[in-house]
Every structure is written in C-alpha cells, then in structure tokens.
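1. let me see the structure of the following:
(one chain, ligands or ions: 1)
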Amino acid sequence: MPRARASASPSLALIKYWGKQQGDMNVPATTSVAVGLHALRTITVVEGEPAAEGRPPGARVSIDGMEQSIAPFAAVIAALRERAQRNGSRYSEYDLTIDSNNTFPTAAGIASSSSGFAALAGSLAAFFELELSDRELSALARTGSGSAARSVFGGFTRFDSGSHEAYRIYPADHWPELRVLVAITDTARKPIGSRAAMERTRTTSPYYDAWVSDSFSLVDEAVAAIAGRDIERLGTAMRASYLRMTGSMLASDPPVIYWISQSISVIHLCDELRSNGIHAWETMDAGPQVKILTTAHDVPAIRTALEESSAVVHVLESEIGGEPSWRIG
Ligand code: DP6
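-> Numbers count the residues shown, from 1 in each chain. Alright, predicted model coming up:
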C-alpha cells in the first residue's frame, strides 16, 4: 500500500493574522510575522488504495486517533488531488486514509491548525509524488488554514496581507538564543474556533478596521527587531499586536473571550518578571494558553516562576526552528 509521511511544527505569530480579505480562501487582511516552534510537532501519515470502479475517490481523516468530519480538510485534499490529476500522478484516484498526531494538546490555542494543515499538504504532496516549491506548498496549505502557510517554513516567517503564500525571512539559526515557553493553563477545547471568531470580529467589531490599519506599523518594528536580535523591541511590538487583536475580539458581538483567569495571572506574572529585568514577553492566540518569548539565559527564572504558579498546569519549552519534512514510504 503506498504511504507517505510528513511532519511540521506550529507557527507562533509574534505579529498576528486576524481577519481575512474577502474572496479567496484564507487570504489575510493583516501581515503576520511568526516563528516555528521546534519542539512541538504534528506527524501525518497518508495511506491509499485504488477507489472502487465508478466511485469518486474519498478520504478519511483522524487526529490523535479520533475520526474527524471531512469538511475542514476537503479543500486541501481537493486542491492536492486536482494537482495530482493534472500531473498524471499514478495515485490521483486513490482512496486516502490520513492519520495525524500532535505531540501537544490539540485545539487549545497552540496553533495546531498551522502544523496540522502544513503536515497534511506535505504528506499529500509526497503521497501523490508532486514536486512543489515551498511557496506552492505554502499556498496549498493556506487553503486549509491561513497560519499553515507559515508552517511550511521553519525559522522566522512572514505572511503578507493580501498574499497567497508565506515566506521565510530568516532561518532558525539567525537567533539561536531565542526560546518560547508555553504556559498551559487549560487543555479543554476552545469555545469558538479561530475561523468563526475572526469572521465575527470582522463583521461585528467596531474596532476591526482600526486593528487592521494599525497592524502594519508593528510588522516593521518586529522585522527590524528580529534583524537586530533585539528582544526588548521585538517583545514590545509582539505584546502590542496580541493585545490590540484581543481588543478587537472583545468588542465583537457577541464578544469573543478566550482568556480565563489563569491567563491573566500569567500575563501579570510576566509583567512582574520584566520589572525584575527578566525578558518574559508574552503573547496569546485563540485560546487560554500564554506563550512567552525569551532567551535561553532567562528560561530557568521564568520556568521556576511558572511552575510555582497555581495558574499553570504544564510548561512546554521550544527553540525556534520547526523545519518541516516529508517523504514517501
Ligand atoms: C490567533 O490560521 O487558525 O493564531 O485561516 O481561519 O484557519 P484560519 O485561521 P488560523 O488563525 C490563526 C489566528 C492566530 C494568529 C496567527 O496565527 O497569526
């Protein structure tokens, strides 16, 4: 039975994508700047067998052993299959069994859709024996989830507003001391998915237009800070981005509230650590977890503070990296 495997890491946005342009699938309204989280992985295996005569080929997807509804995956599978048909792939009419596993809690705001759709696109490209450039793969992964366009690259990435694919701005070794700590405050599934929440923000929040037009200045700040390896400058821009994004969400109708009391405790803890000279720059996404950008030097102090806090269930640590990989067999 033909088989392919791919793995990818979540893409953590330092400067956020929140809101889509109208028309195409998942074309962002804001420019995002992100890093790959090397220690966290989604691993996806695709197997296939010829579809029965006279029946269109189908697909089944499971995540962490649980069978999923096909709807969220249909666009990416269709896009890759169409590409396979055009290229005359010998497997284009195969029924697919897709099995994906995360090494971290799914759907709790650690951007599992970014690594998930990047690994899905990569495993399908390998299965169908397609030779795609990284940028082509990024555009295909985007049809599953906007942030997945970034996960196709490791290191430091950027995804421009209005663009169909992301690109790498620096490899991971540009800034080897950089670290991310993820403070897990709750592992329950999030109350509303990021897709529905960002659409609600776009259509109902009076702050949405302000969020989008303001966001671009933070991109230039973040890119300059990464170029100069200046964590204070990067942290300041990163903090402004997530807080302004959150402001636009809170003003939606009904409001979108991902924060829980434990998240706020960790935000205050980071404030306290910074006032003691420790680089603890937090960010949050569509979930209650708090991710903290820091340097290898400050990891022990932050870890100790997080582990002593009753707000934190578990701490994950990662370097920047997350080069994806895919192979046949
Ligand atoms: C808050 O990429 O999950 O994590 O394109 O609708 O699938 P869709 O959205 P998704 O949104 C990510 C939102 C975010 C910020 C970010 O990763 O840039």
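2. thought residue 292 was touching residue 231?
-> No. Residue 292 is not in contact with residue 231 according to C-beta atoms under 8 Å; the separation is 11.4 Å. Every residue, glycine included, has its C-beta placed from N, CA and C.
3. shared neighbours of those two, anything?
-> Contact criterion C-beta atoms under 8 Å, 6 or more residues apart in numbering; residues shared by residue 292 and residue 231: residue 281.
4. of these two, give the one with the bigger neighbour count.
-> residue 292 (28 against 20; other C-beta atoms under 10 Å).
5. in a helix, the more buried one, correct?
-> No. Residue 292: not assigned to a helix; according to DSSP: H, G, I helix; E, B strand; the rest coil it is strand.
6. name whatever forms a beta bridge with it.
-> Beta bridges link residue 292 to residue 181, residue 282, judged by DSSP bridges.
7. tell me how far it lies from the ligand.
-> Distance of residue 292 to the ligand, computed by C-beta to the nearest ligand atom, to the nearest Å: 16 Å.
8. ok, that residue to residue 155 distance?
-> Separation of residue 292 from residue 155 (C-beta to C-beta, to the nearest Å) stands at 19 Å.
9. how about the residues of this structure by the ligand?
-> 13, 16-18, 26, 32, 111, 113-114, 145-147, 194-195, 285-286 (C-beta under 6 Å from any ligand atom).
10. ok, 5 Å please
-> Contact residues (C-beta under 5 Å from any ligand atom) of the chain with the ligand: 13, 16-17, 26, 32, 113, 145-147, 194-195, 285-286.
11. for those residues, pick the one with the most neighbours.
-> Most surrounded of the residues of the chain next to the ligand: other C-beta under 10 Å gives residue 147, at 33 neighbours.
12. within the sheet, what are the partner strands of the helix or strand hosting residue 45, with directions?
-> For residue 45, the host element (DSSP states H and E) is strand 42-50. Here strand 42-50 has these sheet partners by DSSP bridges: strand 3-8 (antiparallel), strand 94-102 (antiparallel).
13. mind listing what's buried in it?
-> By neighbour count with 16 or more other C-beta atoms under 10 Å, strand 42-50 contains the buried residues 42, 43, 44, 45, 46, 47, 48.
14. and what of stretch 263-282?
-> Quick answer for stretch 263-282 (16+ other C-beta under 10 Å): 263, 265-267, 269-270, 273-274, 278-282.
15. for this protein, what spans make up the helices?
-> Here the chain has its helices, by DSSP state H, at 71-86, 112-127, 134-142, 148-151, 194-204, 208-227, 231-250, 261-275, 299-308.
16. could you give the mean pLDDT of the third one?
-> Spelled out, that is helix 134-142. Per-residue pLDDT over helix 134-142 has a mean of 97.
17. now for it, which elements pack on it?
-> Helix 134-142 makes packing contacts with helix 71-86, helix 112-127, helix 148-151, strand 167-170 when contacts are defined by 3 or more C-beta pairs under 8 Å, 6 or more residues apart in numbering; DSSP states H and E.
18. show me what that helix is in contact with.
-> Against helix 134-142 from outside (C-beta under 8 Å, 6+ apart): 25-27, 76, 79-80, 83, 117-118, 120-122, 125, 132, 148-153, 164-168.
19. likewise for the fourth one?
-> Defining contact as C-beta under 8 Å, 6+ apart, one finds that helix 148-151 is touched by 8-11, 13, 26, 32, 34, 36, 111, 113-119, 121, 138-139, 141-142, 157-159, 164-166, 322, 324.
20. only alpha carbons, please: show that helix as CSV.
-> Output in CSV follows, covering the C-alpha atoms of helix 148-151 (Å, rounded to 0.1, in the frame of the first residue of the first chain):
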residue,chain,number,x,y,z
ALA,A,148,-0.4,26.8,7.9
ALA,A,149,1.0,28.9,5.0
ARG,A,150,3.8,29.9,7.5
SER,A,151,4.3,26.4,9.0
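21. now do the nearest residue to residue 17 once chain neighbours are set aside against residue 186, distance only.
-> Distances taken as C-beta to C-beta, 6 or more residues apart in numbering put residue 32 closest to residue 17, at 3.9 Å, once the chain neighbours are dropped. Noted for residue 32: a distance of 25 Å to residue 186, by C-beta to C-beta.
22. for residue 169, same thing?
-> Applying C-beta to C-beta to residue 169 and residue 186 gives a distance of 32 Å.
23. ok, residue 20 next?
-> 27 Å.
24. and residue 147, by the same measure?
-> 21 Å.
25. what does residue 25 give?
-> 30 Å.
26. pLDDT at the residue nearest to residue 138 when sequence neighbours are not counted, what is it?
-> Nearest non-adjacent residue to residue 138, counting by C-beta to C-beta, 6+ apart: residue 165, 3.8 Å away. pLDDT, residue 165: 98.
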